[in-house]
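Visitor: following is a predicted model, sequence given first.
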Amino acid sequence: MERILRINMTDRTATFEPVPDRYAHRAGRWLTSSIVHDEVPPTSHPLSPDNVVVFSPGVVTGTAAPTSSRISVGAKSPLTGTIKEANAGTGWGGRLARLGIRAIVVEGMASGDDWWLVKVSQDEGRFEPADEWSGIKLSEAYASIYERYGGVEAIDVCAIGVAGEQRMAAAGVCFSDREGRASRYAGRGGIGAVLGSKRLKAIIVDDSGAEGVSIADQALFDEGRKKVADALMSHDITKPKGALNTYGTAVLVNIINEAGALPTRNFREGRFDGAEKIAGEAIFDGNKERTGSELYNHPCSPGCIIACSNVWHREDGSEHTSCIEYESDWALGANCGIDDLDAIAEMNQLCNEYGLDTIEMGGTIAVAMEGGVAAFGDAQRAIELLHEVGEATPRGRILGNGAVVTGRAYGVERVPHVKGQNMPAYEPRAIKGIGMTYATTPMGADHTAGYTIAPEILGVSEKLDPLDPDKASVAKGFQEATAFIDSTGHCLFIAFAILDIESGFEGMIDECNGVLGTNWDADDVTRIGGEILALERAFNRKAGFTNVHDRLPAFMESEPLPPHDAVWDISDAELDKVSE
């Protein structure tokens, strides 16, 4: 029987309840956004007891579906003030799904100064003291938790770092990877700060005795699973020893740089002269030199056959950090004018240790550099600034609350954000479709909400001119499809294969129908995605957001971006079409 586990921090109770009929087929982002929409007063303060944090595995998470171990996390964001969903690849969500738990809802607020851990198992959610893991690096906390509760074979861990404990708006929610590293983040939007406000340090999941995910039509599910797997195994981007498995997501550094769309030195330029030194190819070659062997990437979670997560090694061959994603590589590298992979790895690891979103922190450091706190390219100073965040110094608290707060503190007008969230690693003046996604998604500037890079840069599905401004229908369609994929539990990267291989797209739908006993078709993907976006936008409207907030910063309209010397030239009326 599927159920919801409601964790009340006020009275420290954990209660199972049946899934309401209105949520019958909802999971992942569809369910997290539904519960936030239905239970959180839109005008409430994100760090008040009125906010909730919702965790939900996707429809096919916990099954044999390939690359499907995503966990969605939702809340009202302290960074943007909007509804927020962020997701991560981890075994944690699969364990939850196999226990028959469709969602965990964390509500209320604990009194006092104590920190709490909740251990979720087949029959209960048990509160235990967690003060011993407060104020320390997450790698140390995870090692101790695993030792206490049975190791990586027995449990998976979700926790917040010191940034979340200090309720900083750049704080993410950290999950364990397959080796038990504290490295897989639902990073964006500051949801870690919401857990910190409730004084919930960690949730561990033990799926001993779990019956597994109930599948309504096993034959249909198996047919769909095979179609998706075949598509992923044959597509050049997702296949073994393909682009992602070899070079990781950082394979995009050289590609986006060549397109003149790699934001450099706080979005002043579209090309970075040090791009080749930090690209996925450099990571692959550097690891080979330092370890003596070619290292292909590993899965972030059980069942992933794309396997795009890397490890960067020190000169002595020891592990430095995992994983240097494209976004992290760019944010802590090109955006700050830094072309040293060892420095980027150190900053990436510090974000992992302190519980910080690498995109927001890279953007914040770049804004601080713009404000004269450090020089662009000064890697040592950037590392020092991250330590200040981890130590919660007065300046660290400013930086830990993100790029917009930092810009205000240092008098910087050029803050590349939408709705308070710093932009990711694609320059909207040079790639118009992704700019429309940044502007119009309910989540604030977020590339994963509608990844138009697929057709605009990579030629997936079709090849579009990135400088063509006529992209409203493209941005709308990608946002709808993405909302559905986020609800299945699949990684967004399956889109590369299923957009090019029709049977793969059919397979994704067959998997869902097999699990749920539904009769969805391609039209339902668009319908459900649209319904998710509609309820997210409805929440935002009640919170005070209007179309006026679906805009990019004014400096992008007047400041030409080298090398194309393009400006942001999409009209307000055209942007408004995306949310019609």
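Guide: Yep, that arrived.
Visitor: identify the residues contacting the host helix or strand of residue 85?
Guide: Here residue 85, judged by DSSP states H and E, is contained in strand 83-89. For strand 83-89, the external contacting residues (CB atoms under 8 Å, 6 or more residues apart in numbering) are 28-29, 32-33, 36-37, 69-77, 172-173, 175, 184-191, 299-301, 304, 442-444, 486, 491, 536, 539-540, 543. Quick note: C-beta positions are derived from backbone N, CA and C, even for glycine.
Visitor: let's see it at 6 Å
Guide: Contact with strand 83-89 is made by 29, 32-33, 36, 69-75, 77, 175, 184-186, 188-189, 300-301, 442-443, 491, 536, 539, as judged by CB atoms under 6 Å, 6 or more residues apart in numbering.
Visitor: how far out from the middle of the chain is the lengthiest helix in the chain?
Guide: In the chain, ranked by residue count with DSSP state H as the criterion, the top helix is helix 522-542. How far helix 522-542 lies from its chain's middle: 19 Å, per CA atoms, centre = their mean, to the nearest Å.
Visitor: tell me which residues in it are buried?
Guide: 524-526, 528-529, 531-533, 535-537, 539-540 (16 or more other CB atoms under 10 Å).
Visitor: next one: stretch 359-375
Guide: With burial defined by 16+ other CB under 10 Å, the residues of stretch 359-375 counted as buried are 359-371, 373-374.
Visitor: ok, of those, which one's closest to residue 426?
Guide: residue 359 (11.4 Å; CB to CB).
Visitor: close enough to count as contact, the closest one and residue 328?
Guide: No. Residue 359 is beyond contact range of residue 328, at 7.3 Å (criterion: CB atoms under 6 Å).
Visitor: coming back round to it: the strand holding residue 85 pairs with which strands?
Guide: The strands beside strand 83-89 in its sheet (DSSP bridges) come out as strand 70-76 (antiparallel).
Visitor: can you give me the mean pLDDT across the partner strand?
Guide: Strand 70-76 shows a mean pLDDT of 98.
Visitor: so it versus helix 522-542, what angle?
Guide: 30 degrees (axes from the mean of the first three to the mean of the last three CA atoms, to 10 degrees).
Visitor: residues making contact with strand 70-76?
Guide: Around strand 70-76, the neighbours that count as contacts under CB under 6 Å, 6+ apart are 28-29, 32-33, 36, 40, 46, 51, 53-58, 84-89, 92-93, 173, 186, 191, 194, 489, 491.
Visitor: send the alpha carbons of that strand over as CSV?
Guide: C-alpha atoms of strand 70-76 as CSV (Å, rounded to 0.1, in the frame of the first residue of the first chain):
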residue,chain,number,x,y,z
ARG,A,70,15.7,10.8,-9.0
ILE,A,71,14.2,12.3,-5.9
SER,A,72,12.2,15.5,-6.1
VAL,A,73,12.3,18.0,-3.2
GLY,A,74,9.8,20.8,-3.0
ALA,A,75,9.1,23.8,-0.8
LYS,A,76,8.6,27.6,-0.9
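Visitor: what separates it from the chain centre, distance-wise?
Guide: 9 Å.
Visitor: before we move on, what about stretch 280-300?
Guide: Centroid separation for stretch 280-300 versus its chain: 24 Å, with CA atoms, centre = their mean.
Visitor: ends of that stretch, how far apart?
Guide: In stretch 280-300, first residue to last residue: 17 Å (CA to CA, to the nearest Å).
Visitor: where in this structure is pLDDT low?
Guide: For the chain, the stretches flagged by pLDDT under 70 are 1.
Visitor: repeat that with 90
Guide: Along the chain, the model assigns pLDDT under 90 to residues 1, 580.
Visitor: quick one, domains of it?
Guide: Domain segmentation of the chain under automatic domain parsing yields 3-206, 249-296+309-425, 428-492+517-580.
Visitor: right, so of the ones you listed, which gets closest to residue 234?
Guide: Smallest distance to residue 234 across the domains of the chain (CB to CB): 12.5 Å, for domain 3-206.
Visitor: start to end distance for that closest one?
Guide: 16 Å.
Visitor: swap in stretch 301-314?
Guide: Start and end residues of stretch 301-314 are separated by 24 Å (CA to CA).
Visitor: can you list contacts of the longest helix of the chain?
Guide: By CB under 6 Å, 6+ apart, the residues outside helix 522-542 that reach it are 30, 33, 37, 42, 82, 83, 442, 480, 481, 483, 484.
Visitor: also stretch 131-145?
Guide: Residues outside stretch 131-145 that contact it (CB under 6 Å, 6+ apart): 115, 157, 161, 174, 182, 201, 353.
Visitor: if we go to 7 Å?
Guide: 114-115, 157, 159, 161-162, 165, 174, 176, 180, 182, 201-202, 204, 352-353, 355 (CB atoms under 7 Å, 6 or more residues apart in numbering).
Visitor: buried sites along it?
Guide: For stretch 131-145, a neighbour-count test (16+ other CB under 10 Å) marks 133, 134, 137, 138, 139, 141, 142, 145 as buried.
Visitor: which two among those are spaced furthest apart?
Guide: Across these, the longest distance by CB to CB is 14.8 Å; it joins 134 and 139.
Visitor: which residues touch residue 577?
Guide: So residue 577 contacts residue 472 (CB under 7 Å, 6+ apart).
Visitor: CA atoms of the longest helix of the chain as CSV?
Guide: Once non-C-alpha atoms are left out, helix 522-542 reads as follows in CSV (Å, rounded to 0.1, in the frame of the first residue of the first chain):
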residue,chain,number,x,y,z
ALA,A,522,2.0,11.5,-25.9
ASP,A,523,-0.8,14.0,-25.5
ASP,A,524,-0.9,13.2,-21.8
VAL,A,525,2.7,14.1,-21.4
THR,A,526,1.9,17.6,-22.6
ARG,A,527,-1.3,17.8,-20.6
ILE,A,528,0.3,16.7,-17.3
GLY,A,529,3.3,18.9,-17.8
GLY,A,530,1.0,21.8,-18.4
GLU,A,531,-1.1,21.0,-15.3
ILE,A,532,2.1,21.0,-13.2
LEU,A,533,3.2,24.3,-14.5
ALA,A,534,-0.3,25.8,-14.0
LEU,A,535,-0.4,24.9,-10.3
GLU,A,536,3.2,26.2,-9.8
ARG,A,537,2.3,29.5,-11.5
ALA,A,538,-1.0,29.7,-9.5
PHE,A,539,1.1,29.5,-6.3
ASN,A,540,3.4,32.2,-7.5
ARG,A,541,0.6,34.5,-8.4
LYS,A,542,-0.9,34.2,-5.0
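Visitor: how distant is the helix or strand that comes right after it from the center of its chain?
Guide: Note on helix 522-542: by DSSP H and E, the next helix or strand toward the C-terminus is helix 555-558. Helix 555-558 sits 28 Å away from the centroid of its parent chain (CA atoms, centre = their mean).
Visitor: and for stretch 179-194?
Guide: Using CA atoms, centre = their mean, the offset of stretch 179-194 from its chain centre is 8 Å.
Visitor: in terms of helices and strands, where is the closest residue to residue 379 other than its chain neighbours?
Guide: Ranked by CB to CB, 6 or more residues apart in numbering and with sequence neighbours excluded, the top spatial neighbour of residue 379 is residue 343, at 3.6 Å. In this structure, residue 343 sits in helix 341-354 according to DSSP H and E.
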